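1. How does the following fold in three dimensions:
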Amino acid sequence: MLVAAAVCPCPPLLVPEVAAGAAPELDAARNACADALGVLAAARPDLLVVVGAADEHGRGPHAAGATGSFHGFGVDIDVRLGAGEGQERPLPPSLAVGAWLLTRAHWADAPVEGLGVGETLAGERCLAAGRELGARAERVALLVMGDGSACRTLKAPGYLDERAADFDEGVARALGAADLEALKVLDASLAYELKAAGRAPWQVLAGAAEGAGLAGQLLYEDAPYGVGYFVAAWS
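-> Residues are numbered from 1 along each chain as shown. Predicted coordinates for the structure are as follows:
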């Protein structure tokens with residue numbers, strides 16, 4: 001059963017070496033992520049699964065010990081998802097950022113695995129995947145990596161879309177209240193148009209949390225660079 005979850009944004013810019021001179025701009029987000037991971041550790045899970053958006057090369061399960069890197073962003077940093085033999089297939093960027101957060105938090109509380117989820121995966125399939133994760137162990141925790149809309153400003157990656165602010169506001173409310181029903185009915189088509197890569201991972205979380213009775217707390221909400229970033233903790 002799911003006993004705790006942390007929701008974090010997944011831009012590689014969270015890694016200070018990637019952000020370089022702009023690193024201080026996301027200090028508040030990094031600190032909130034650290035607080036959320038503290039909630040995971042306090043829950044003493046038997047298994048932690050990092051869930052994040054992935055393209056066709058990174059979709060599916062990633063075994064304990066899987067590795068990733070930020071070489072593609074010009075930084076010589078490698079990361080590992082917990083302890084284990086891993087696999088040849090590299091972690092997708094969202095899971096690599098999750099692995100970096102866990103390393104930064106000195107995570108050693110439970111085995112860690114990963115799950116890459118396609119950005120366009122249908123909501124029902126996301127929920128089903130979450131239910132399977134929730135049944136993996138007696139005490140399961142999730143680290144859910146995903147961004148909101150990328151269309152909040154004229155300089156945003158997806159340019160300005162007037163629908164983006166309302167979409168992100170609804171997501172923030174749902175994550176802060178651990179509102180499973182609100183997450184379940186997120187519009188997949190709208191999320192795709194707004195380049196909100198977190199939609200599918202959040203719906204995986206909603207499936208895993210069914211029957212768990214968790215309460216939520218929104219720790220951070222902002223849109224630097226025109227992209228909606230949220231940090232929440234459920235326990």
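2. so where do the strands sit in the protein?
-> Along the chain, counting by DSSP state E, strands occupy 2-8, 47-54, 60-62, 67-69, 78-80, 112-118, 140-145, 216-222, 229-234.
3. could you dump these to JSON lines with distance to residue 178 and mean neighbour count?
-> No exception for glycine: its C-beta is placed from N, CA and C like everyone else's. Below are the strands of the chain laid out as JSON lines (distance: least, Cβ to Cβ, whole Å; neighbours: other Cβ atoms under 10 Å):
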{"stretch": "strand 2-8", "distance to residue 178": "8", "mean neighbour count": "28"}
{"stretch": "strand 47-54", "distance to residue 178": "16", "mean neighbour count": "28"}
{"stretch": "strand 60-62", "distance to residue 178": "25", "mean neighbour count": "18"}
{"stretch": "strand 67-69", "distance to residue 178": "29", "mean neighbour count": "20"}
{"stretch": "strand 78-80", "distance to residue 178": "28", "mean neighbour count": "18"}
{"stretch": "strand 112-118", "distance to residue 178": "19", "mean neighbour count": "25"}
{"stretch": "strand 140-145", "distance to residue 178": "12", "mean neighbour count": "29"}
{"stretch": "strand 216-222", "distance to residue 178": "3", "mean neighbour count": "20"}
{"stretch": "strand 229-234", "distance to residue 178": "5", "mean neighbour count": "27"}
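4. Give the residue farthest from the middle of this structure.
-> residue 154 (25.0 Å; Cα atoms, centre = their mean).
5. Which one of the strands of the chain lies nearest to residue 25?
-> strand 216-222 (9.7 Å; Cβ to Cβ).
6. average model confidence for the closest one?
-> Averaging pLDDT along strand 216-222 gives 98.
7. What of stretch 199-213?
-> 98.
8. closest to residue 195 out of the strands of the chain?
-> When those are ranked by proximity to residue 195 (Cβ to Cβ), strand 47-54 comes first, at 10.6 Å.
9. Export only the CA atoms of that closest one, formatted as PDB.
-> These are the backbone C-alpha positions of strand 47-54, laid out as PDB (Å, rounded to 0.1, in the frame of the first residue of the first chain):
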ATOM      1  CA  LEU A  47      10.100   0.100  -1.600                       C
ATOM      2  CA  LEU A  48      10.500   3.500  -3.300                       C
ATOM      3  CA  VAL A  49       9.600   3.900  -7.000                       C
ATOM      4  CA  VAL A  50      10.600   7.000  -8.900                       C
ATOM      5  CA  VAL A  51       7.900   7.700 -11.600                       C
ATOM      6  CA  GLY A  52       8.500  10.200 -14.400                       C
ATOM      7  CA  ALA A  53       7.700  11.100 -18.000                       C
ATOM      8  CA  ALA A  54       9.800   9.300 -20.600                       C
END
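10. how far does that strand sit from the chain's center?
-> 7 Å (Cα atoms, centre = their mean, to the nearest Å).
11. try stretch 141-160
-> Distance, centroid of stretch 141-160 to centroid of chain: 12 Å (Cα atoms, centre = their mean).
12. quick one: buried residues of it?
-> 141-153, 156, 158 (16 or more other Cβ atoms under 10 Å).
13. now do stretch 186-196
-> Those would be 186, 188, 190, 191, 193, 194, 195, 196, for stretch 186-196 by 16+ other Cβ under 10 Å.
14. again, but for stretch 32-50
-> Those would be 32-37, 39-41, 43, 45, 47-50, for stretch 32-50 by 16+ other Cβ under 10 Å.
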